[in-house]
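Colleague: sequence below, structure please.
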Amino acid sequence: MTYRTKPKKRGRPVEPVPQDHQDAIIAWIADGKPLREYCRMQGAPNWRTVYAWLEKDPPFSARFARARDAGADAIAEEALAIIDATPSRAETDGSSRVDPGYVQWQRIRAEYRLKLLAKWNPRRYGDRLDLSSDSAAGLLIRVDLSPRAEDES
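Modeller: Predicted structure coming up:
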């Protein structure tokens with residue numbers, strides 16, 4: 001009589017994610033910083049390793065997703081702080097005026113953060129378009145930039 005056994009899995013066994021790396025990665029991502037920047041630091045795992053951990057460890061993956069949401073909020077708050085910052089003043093011929101180069105630089109910094117958020121999470125940070133048709137008026141296009149009620153809760 002022959003017994004069938006399960007074939008052995010090929011490759012290396014899955015190693016658990018070290019808790020110190022988990023906590024450090026989650027804190028880093030929740031601050032709105034990129035994962036690859038963390039992975040470039042001395043002693044940090046490769047970014048491919050982190051993504052492999054995410055695939056094989058559902059609790060870590062859930063924590064990572066929540067940290068990404070918190071990180072997106074941190075980036076939005078940073079953009080708001082950039083927008084609200086008082087522009088620097090330039091001294092020319094004894095008069096003080098707002099430095100237009102500094103204003104443009106700050107505008108671009110805030111704008112690109114918001115554009116990235118809209119690309120990364122369009123449901124939460126993107127513009128909403130409403131395309132509807134009225135036979136008398138033709139095509140009506142409405143852009144709603146107000147936050148959704150479900151996003152505020």
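
Colleague: all strands of the protein, in order?
Modeller: Counting by DSSP state E, the chain has these strands, from start to end: 89-92, 95-98, 128-134, 138-144.

Colleague: show the average pLDDT along the third one.
Modeller: Same thing as strand 128-134. Averaged across strand 128-134, the pLDDT comes to 62.

Colleague: and if you look at the second one?
Modeller: With pLDDT averaged residue by residue, strand 95-98 scores 80.

Colleague: direction included, what does it pair against?
Modeller: Here strand 95-98 has these sheet partners by DSSP bridges: strand 89-92 (antiparallel).

Colleague: which ones are touching residue 122?
Modeller: Residues counted as contacts of residue 122 (C-beta atoms under 8 Å, 6 or more residues apart in numbering): none. In this view, the C-beta of every residue, glycine as well, is placed from N, C-alpha and C.

Colleague: where in the chain is pLDDT low?
Modeller: 1-2, 9, 11-14, 129-153 (pLDDT under 70).
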